[in-house]
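**Q** Let me see the structure of the following:
(chains A and B)
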Protein chains: 2
Amino acid sequence: MSDAGSGTLPRPRVAQLSAEVVDSNPYSRLMALQRMGIVSNYEDIRSVSIAIVGVGGVGSVAAEMLVRCGVGKLILFDYDTVELANMNRLFYRPDQSGMSKVEASKRTLEAINPDTEIECHNYNITSLDHYEHFLGRVAAGGLPAPATDTVATKAVPITLVLSCVDNYEARMAVNRACNALDQPWMESGVSENAVSGHIQLILPGRTACFECSPPLIVESGVSESTLKRAGVCAASLPTTMSLVASILIQNVLKYTLGFGTVSYYLGYNALADFFPQWAMRRNPVCGSRVCRALQQKHAAWVHPEDAAAAAKAAQATESVGAVVGAKDDEWGLEIVGAGDAGTVAAAAAAATDPSAAAAAGTSAKTGRGLLFEHEPSAPADASRAACNGHDDGGDGETVEELQAMLASLMGGGGKHA
Amino acid sequence: MSDAGSGTLPRPRVAQLSAEVVDSNPYSRLMALQRMGIVSNYEDIRSVSIAIVGVGGVGSVAAEMLVRCGVGKLILFDYDTVELANMNRLFYRPDQSGMSKVEASKRTLEAINPDTEIECHNYNITSLDHYEHFLGRVAAGGLPAPATDTVATKAVPITLVLSCVDNYEARMAVNRACNALDQPWMESGVSENAVSGHIQLILPGRTACFECSPPLIVESGVSESTLKRAGVCAASLPTTMSLVASILIQNVLKYTLGFGTVSYYLGYNALADFFPQWAMRRNPVCGSRVCRALQQKHAAWVHPEDAAAAAKAAQATESVGAVVGAKDDEWGLEIVGAGDAGTVAAAAAAATDPSAAAAAGTSAKTGRGLLFEHEPSAPADASRAACNGHDDGGDGETVEELQAMLASLMGGGGKHA
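**A** Just a heads-up that it's a prediction; the model follows:
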C-alpha cells in the first residue's frame, strides 16, 4: 500500500468544475457535454469512485481516462512491477522500470490531475488475507457524503469495480467479492493473440455473473497454469488494449452519468472490425450459491433488452400505417433503433458461434435447432453448454472433441486471458 | 521545425527486433504476433514511415501507439501549443503547458522508444509556403533502402499520411497533397459532441477522396468559421478520442503488415456502441480535376468489397449441399464471414441513414427506392447527394430543409469536426 503524497501538485485543486472556455481550464471540454445535451450533470463524476483490479495494458489506460475525466476517487490493485516488456502498450515509461505498477500509476496520475483521490494496493487479491482487505475496500472505499451537524459520515461502497486482469483466478476472486457484496462491476479482457477483446457489465443476481458461464477451458478441468510455458508469452498490441480500455470507460461514463445505452457485453474482433453485442443472462443453475441467492433477491428484475423488445412488440401492434411506417414504405427499409443494432450484431455473432446465439437467444428470436442457455437441465450440462463469449467452440461437440480443441488452442492463440 | 536530439536515451537502440521472452525486451509481445500466426513478418514495421497531421486528442495517441509498436519513422505536423484545456484527453501532461505540441510529442515519444526516428514541423500546413514544404516531406520523407556499392540512396515517399485534424480546411489540404502525389492516406474525426467518430482509408483515384463526398455543411456554402463562436468550445472525451486512435492505428497495422481485413470506412457511435462500416466509392463527378484524372489512371481497380461479393456469388452457385450447407441446416443458421459483418453493419446503418445506404449500396444489395451515389447526374446534384459519413441528413430533403437542419446542428452537436 502506498498512500503517501507524491510531492508538489501540477496545478491547484479545484473546488468546483468550471465550464468557462479558457485555455487554463482542464474541464471546459468535459463540461461542454452538458451544453451539447449529452450529459445532464457532468459534475456527478466527482462523487464516482472506481476500483481497478489490474493496472496492465487495459487497466492503466482505463485509470488514466478516468483521471482525465475528473473521477472522484480511484483505488488501484496490482502486484506486478513495470518492465521494458510492457512498453508495447500505452501508459508506462521506460524510466519506471522496476517500480511497482500501482506506485508508478499513482505518480503519473497525480501529475495529470490532482483533483482525483488515488489509493493503491500493491498485492495479489487472490491470496487469502489480501482478498479480505480487497473485499473491505470495495465495501467501504467509496466517497461518503460530507458529514453534517445531524448526519455523521459513514462508509459507503465504491461505485463500480473494473476487472482488468489477465487470468481466470483473479476474475473469480473479483466475481466472488462482488457477489458477496451485491456490487456492480465490469469485466474486460484481451485475447492472447492480441486481436480480440471484450467488456461485460455484471449486475450480481440480474445478469450473468462470471461463474454463470465459465470459459470452456475451465469447465474442461484443464489447469490454467499449464497454459503458461517457459519462453512463451502472449502477444499484445497498444491498439487492442486501448480500444478495450476505451469501450470499458465509455461504458463506465454512460453507467455512472446516465447517458446513451449501457452495453451488457461488447466484443471486438480486430481482424474484421466486428463488434458483437449481446446480453449474458443469469444462469439459474450457476455454480455459485451466492449468485443463486442473489437471483432470488433480484427475481423481479427485467433485462432492459427484454423490456425494450416487449415495448417494441406492443408499439408495432399499434403503429401500422403511422408516420414511421410510411417512411419505411417509401424507402423499402425497416427502421431500427439503437437496441436493434445490438440484435443485428448478436445475430451475426450467432451465425459463427452457436453458443453465442444461446447466450443472446430469447423465445421470439431463437433459430431452429438452438437451445436456451437457461432452460433447466442438469447443472453439469448447463454450465458445459455455456461459453463466456469466447471463440473456442461449444456447439455440440463431445467432451473428447472439446478437449482436442483445447489442446490445439493451447498451442496457439484465441484464449481470452 | 525541431529535429535536435533531446538528451540521453532511455535505453540503447536495437539493431534488430528480438522475439526473446525476457522482461527487458520491449518487442517480445509484438514479435509474439508472428508465433501466434497473426503477422508473417512483424519486423517490416521498421521500414514503415508515417506522417501525422494534427497531434491533438487523436493524433498524439496515434503517434504513441505507432512508437510503441516500433514504427520506423514518424513525421509530425501541428502548430498548436499544449494547454491545460487539453488535459481531458490522453498523452499531454500539465507540465508541458505552453510547449508546442510537436516538441512535447517528440520528447515524450523519444523517451518511450529511441528506435523510432521522429521528425516534427511546427507549422500550419494550410498556409501556402508550409503547404509546399509539407508536400515535399510526404513525397520524400520516407525511409530509403540502404545505399549499396551499386545503388545510391534515393528519396522515397512516406508509407501513409494520417489526418488527425479538427477542421475542413486542413483535411482539404491533406486531400490535395495526397491527390497530387497519388499517396494513400487515412482520415479520422470525432464529432463536436464527443460521442461519435470515424476513420476512412483513402486510396486516391480508387476510393472516394475527401472532395468526392464533402460534408453537407460545406456543400451548403456555410462558412466553417461561423461554427466557431466566442466562449463556445467543442466537447471531447478521452474515451472517444482514444477509440478513434485505436481503430486508426489498428487499420494502419493491418494495411502495412498485411493481416486481417483493412476497413475503408469505420464509424463509432458511443451512445449505442454501434460501429457502421462501408465503402466510400470514387465519385466520377468529383470537384477535383486531379482526382478525376487519377480515377482514369486507376480505372481497372476493383474495390475489394466488389471482388468479395463477386467471389461469394460465384461460390454460392457452386456450394449448394456442401459441408457448410449441411451445418447450416442443422442449426438453422446462415454462415457469414468477416465481410458479411460489414454488410450487416452497413445494412443497419442504411436503415437509419439512407445516404449511408447509397454510399454502401451495390447493384445486388440496393433496396427499393435507393439511388446510387455514382449514377451519372448533374455535378451539383451528385455532390449534394453525397454525405461524408455524417449523421446530418441527406435523405431527400430540400436544400431549405437541409439548411434548417444545419442551423439547428450549429446550435448543438453532431458535426464531425
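**Q** CA atoms for contacts and neighbours, from now on please.
**A** Noted.
**Q** Please report how far A:A316 lies from A:A308.
**A** The gap separating A:A316 from A:A308 is 12 Å, by CA to CA, to the nearest Å.
**Q** Surely A:A62 and A:I247 touch.
**A** No. When contacts are counted by CA atoms under 8 Å, A:A62 is not listed as touching A:I247 (9.4 Å).
**Q** who's more crowded, those two?
**A** Shown here are A:A62 and A:I247; by other CA atoms under 10 Å in any protein chain shown, A:A62 has more neighbours (29 against 25).
**Q** quick one: secondary structure of the more buried one?
**A** helix (DSSP: H, G, I helix; E, B strand; the rest coil).
**Q** if I pick it, what's in contact with it?
**A** A:245-246, A:248-249 (CA atoms under 8 Å, 6 or more residues apart in numbering or on different chains).
**Q** now swap in A:S163 and tell me
**A** For A:S163, the contact set (CA under 8 Å, 6+ apart) comprises A:52-54, A:59, A:171, A:174, A:185-188.
**Q** 7 Å instead, please
**A** By CA atoms under 7 Å, 6 or more residues apart in numbering or on different chains, the contact list for A:S163 reads A:52-54, A:171, A:186-188.
**Q** export those to TSV and tack on distance to B:L74 and secondary structure?
**A** Converted to TSV, the contacts of A:S163 look like this (distance: CA to CA, whole Å; DSSP: H, G, I helix; E, B strand; the rest coil):
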residue	distance to B:L74	secondary structure
A:I52	33	strand
A:V53	34	strand
A:G54	31	coil
A:R171	39	helix
A:M186	36	strand
A:E187	35	strand
A:S188	31	strand
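**Q** so where's the stretch 151-300 of chain A shaky on pLDDT?
**A** Along the stretch 151-300 of chain A, the parts satisfying pLDDT under 70 run over A:216-232.
**Q** Show me the domain layout of chain A.
**A** A:28-145+A:152-301, A:308-406 (automatic domain parsing).
**Q** Between the ones you listed, which one is closest to B:A155.
**A** Set against B:A155 and scored by CA to CA, the domains of chain A come closest in domain A:28-145+A:152-301, at 29.6 Å.
**Q** How far away from the center of its chain is that closest one?
**A** Centre-to-centre, domain A:28-145+A:152-301 and its host chain are 6 Å apart (CA atoms, centre = their mean, to the nearest Å).
**Q** so where's the stretch 301-417 of chain A uncertain?
**A** Counting by pLDDT under 70, the ranges of the stretch 301-417 of chain A that qualify are A:319-417.
**Q** May I see the buried residues of whichever strand or helix holds A:R107?
**A** Counting by DSSP states H and E, the secondary-structure element that holds A:R107 is helix A:101-112. By 16 or more other CA atoms under 10 Å in any protein chain shown, the buried positions in helix A:101-112 come out as A:101-106, A:108-112.
**Q** Check the residues you listed against chain B and report the nearest one.
**A** Closest approach between those and chain B, by CA to the nearest CA: A:I112, at 5.8 Å.
**Q** Is the closest one in contact with B:R93, as I believe?
**A** Yes. Here A:I112 reaches B:R93: they are 5.8 Å apart, a contact under CA atoms under 7 Å.
**Q** so how many other residues sit close to A:N283?
**A** A:N283 has 27 neighbours, counted by other CA under 10 Å.
**Q** Now it. Nearest residue, chain neighbours left out?
**A** Excluding the flanking residues, the one nearest A:N283 by CA to CA, 6 or more residues apart in numbering or on different chains is A:C212, at 5.2 Å.
**Q** Remind me which helix or strand the one you found belongs to.
**A** Following DSSP H and E, there is no helix or strand that holds A:C212.
**Q** Could you give the backbone dihedrals for A:P204?
**A** Dihedral pair for A:P204: phi -50, psi 140, per degrees, to the nearest 10.
**Q** Could you double-check that it sits in contact with A:N179?
**A** Yes. A:P204 is in contact with A:N179 according to CA under 7 Å; the separation is 5.7 Å.
**Q** Now list whatever residues contact both of the two.
**A** By CA under 7 Å, 6+ apart, A:P204 and A:N179 have these common neighbours: A:C291.
**Q** Can you pick out the residue with more neighbours from these two?
**A** Using other CA under 10 Å, the more surrounded residue of A:P204 and A:N179 is A:P204, with 28 against 25.
**Q** which residues of chain A fall in strands?
**A** A:49-53, A:73-77, A:117-121, A:160-163, A:185-190, A:196-202, A:265-269 (DSSP state E).
**Q** Save those strands as JSON lines, and put in distance to B:K254 too.
**A** Output for these, formatted as JSON lines (distance: least, CA to CA, whole Å):
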{"stretch": "strand A:49-53", "distance to B:K254": "31"}
{"stretch": "strand A:73-77", "distance to B:K254": "34"}
{"stretch": "strand A:117-121", "distance to B:K254": "37"}
{"stretch": "strand A:160-163", "distance to B:K254": "29"}
{"stretch": "strand A:185-190", "distance to B:K254": "18"}
{"stretch": "strand A:196-202", "distance to B:K254": "14"}
{"stretch": "strand A:265-269", "distance to B:K254": "13"}
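**Q** Quick check: residues of the stretch 51-200 of chain A near chain B?
**A** For the stretch 51-200 of chain A, the residues in contact with chain B (CA under 7 Å from any CA of the partner chain) are A:65, A:68-69, A:83-90, A:93-95, A:112, A:193.
**Q** how about the residues you listed, which pair is most distant?
**A** Farthest apart among those by CA to CA are A:I112 and A:N193. That separation is 31.9 Å.
**Q** show me what contacts A:A139?
**A** In this structure, A:A139 makes contact with A:156-158, A:181, judged by CA under 7 Å, 6+ apart.
**Q** how about 6 Å then?
**A** A:P157 (CA atoms under 6 Å, 6 or more residues apart in numbering or on different chains).
**Q** How much space separates it from A:A152?
**A** As judged by CA to CA, A:A139 and A:A152 stand 18 Å apart.
**Q** And the helices in chain A, which stretches?
**A** Assigned by DSSP state H, the helices in chain A fall at A:28-35, A:59-68, A:101-112, A:128-140, A:168-181, A:216-219, A:238-257, A:289-297, A:304-318, A:323-331, A:338-352, A:354-360, A:379-385, A:399-410.
**Q** do you know how far A:E211 is from chain B?
**A** Going from A:E211 to chain B by CA to the nearest CA, to the nearest Å gives 26 Å.
**Q** residues near that residue, how many?
**A** Applying other CA under 10 Å, we find 19 residues neighbouring A:E211.
**Q** Can you pull the phi/psi pair for it?
**A** For A:E211, the backbone dihedrals (degrees, to the nearest 10) come out as phi -80, psi -20.
**Q** and if you look at A:E192?
**A** Per-residue torsions, A:E192: phi -60, psi -20 (degrees, to the nearest 10).
**Q** That one contacts A:A234, correct?
**A** Yes. A:E192 lies in contact with A:A234 (CA atoms under 6 Å); the separation is 4.9 Å.
**Q** With adjacent residues omitted, what lies nearest to A:E169?
**A** Counting by CA to CA, 6+ apart, A:E169 lies nearest to A:T126, which is 7.1 Å off, once chain neighbours are set aside.
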